[in-house]
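**Q** Sequence below, structure please.
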Amino acid sequence: MKFKLLFTALLSVFLITGCSTDDDTPLDNEQPSTENSSKDEESDDQQPTEEARYYVKYEWEMPSNITMEKIISFTTEDNIESFKTTGELWEGTYGPFKKGVTIVFSCTSLDDYKYAQTNNHARIYVSRNQEPFVIKAEDSGKHDISLSYTIDF
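**A** Model (predicted):
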């Protein structure tokens, strides 16, 4: 009789600890709860989407057989800036800009040398958020160059 009582007590302890509800894995015939997942979906819909941030990179090159003074003008996030240079290369990155902004980039020679062997080359690159820069405007020529691009992607 003591053996039956001991056996029943051990079996009861085994069944109680074996049926613990700590395990969240549903049984084959149980459906997972959707209460929390619907709340998560609602909170995702209510979060505002972050506005894209655009960065602009300008590149300009003007190799020449003589030293020429040029004015480079370009759009920054605040206004249009200009500077004079006798250099042959320039690159600058500015931003962030918002979608819809028109950016301009130009190079004008202050000197008029008929016999100068030059070839201007200018590019505007644009990057959205963390994406790579992509060429959006480009031009080459022996004379002044002016580019513009409206951010629209």
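**Q** what about the strands in the protein?
**A** Applying DSSP state E to the chain gives strands spanning 54-61, 70-75, 80-85, 89-97, 102-109, 120-128, 134-141, 145-150.
**Q** can you list the residues that contact stretch 112-129?
**A** For stretch 112-129, the surrounding residues in contact (CB atoms under 8 Å, 6 or more residues apart in numbering) are 52-66, 68, 95, 103, 105-107, 109, 133-145, 147, 149, 151, 153. Bear in mind the C-beta positions are built from the backbone N, C-alpha and C, glycine included.
**Q** out of these, which are buried?
**A** Among the contacts of stretch 112-129, those scoring as buried are 54-62, 64, 68, 95, 103, 105-107, 109, 133, 136-137, 145, 147, 149, 151 (criterion: 16 or more other CB atoms under 10 Å).
**Q** Next one: residue 104 from residue 50, what distance?
**A** 27 Å (CB to CB, to the nearest Å).
**Q** what stretches of this structure score poorly on pLDDT?
**A** Filtered on pLDDT under 70, the chain yields the residue ranges 1-49, 113-115.
**Q** Looking at residue 104 and residue 50, which has the bigger crowd around it?
**A** Neighbour tally, residue 104 and residue 50, criterion other CB atoms under 10 Å: the higher count belongs to residue 104, 14 against 7.
**Q** Enumerate every residue touching the closest residue to the more buried one other than its chain neighbours.
**A** Leaving aside its sequence neighbours, residue 104 sits nearest to residue 148 (CB to CB, 6 or more residues apart in numbering; 4.6 Å). Residue 148 sits next to 102-105, 137 when contact means CB under 8 Å, 6+ apart.
**Q** can you list the residues you listed in CSV and add distance to residue 91?
**A** Listed next are the contacts of residue 148 as CSV, based on distance: CB to CB, whole Å:
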residue, distance to residue 91
102, 21
103, 15
104, 17
105, 11
137, 15
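**Q** ok, so of these, who is nearest residue 75?
**A** residue 103 (4.1 Å; CB to CB).
**Q** Could you verify my assumption that the closest one touches residue 55?
**A** No. Between residue 103 and residue 55 there is no contact under CB atoms under 8 Å: 10.8 Å.
**Q** residues shared between the contacts of these two?
**A** Jointly contacting residue 103 and residue 55 under the rule CB under 8 Å, 6+ apart are residue 97.
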